[in-house]
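1. please find the sequence and the predicted model below.
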Amino acid sequence: MHRVIVGRPEGKRPLGKPRRRWEDNIKIDLSEVGYDGRDWINLAYDRDQWRAYVRAAMNLRVP
């Protein structure tokens, strides 16, 4: 689990573009639904609250 959260992507990145980690995507998605994203790992331990944020983020993606 720890490797998934703090892992680094493999391979080469496009020139001039920084790598985006899985954790970065989560922080961006949570900020779009109103969570400040500072302590998202502890938020994930509260399954009901985590599900609510995930559903809200997924609803933003649906056209």
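-> Yep, it's here.
2. name the element the most far-flung residue of the chain relative to its centre belongs to?
-> In the chain, residue 15 marks the outermost C-alpha relative to the chain mean, sitting 23.5 Å out by Cα atoms, centre = their mean. Under DSSP states H and E, no helix or strand contains residue 15.
3. what pLDDT does residue 31 get?
-> Looking at residue 31, its pLDDT is 90.
4. how about the residue positioned nearest the centre of the chain, nearest residue that isn't a chain neighbour?
-> A centroid search over the chain (Cα atoms, centre = their mean) returns residue 26, at 0.7 Å, as the residue closest to the centre. Spatially, and ignoring its direct neighbours in sequence, residue 26 is nearest to residue 40 (5.9 Å; Cβ to Cβ, 6 or more residues apart in numbering). In this view, the C-beta of every residue, glycine as well, is placed from N, C-alpha and C.
5. which residues touch the one you found?
-> 26-27, 30 (Cβ atoms under 8 Å, 6 or more residues apart in numbering).
6. buried residues, the longest helix along the chain. List them.
-> Longest helix of the chain, by residue count under DSSP state H: helix 47-61. Buried residues in helix 47-61, counting neighbours by 16 or more other Cβ atoms under 10 Å, are found at 53, 57.
7. burial of residue 11, as a residue count?
-> 5 (other Cβ atoms under 10 Å).
8. before we move on, the earlier item: quickly find the element holding the residue nearest to the centre of the chain.
-> Going by DSSP H and E, residue 26 is in helix 22-32.
9. in the helix or strand following that helix, what's buried?
-> Where DSSP H and E defines the elements, the next helix or strand beyond helix 22-32 is helix 40-45. Buried residues in helix 40-45, counted by 16+ other Cβ under 10 Å: 40, 43.
10. any idea which helix or strand in this structure has the lowest mean pLDDT?
-> helix 2-6 (a mean of 62; mean pLDDT, DSSP states H and E).
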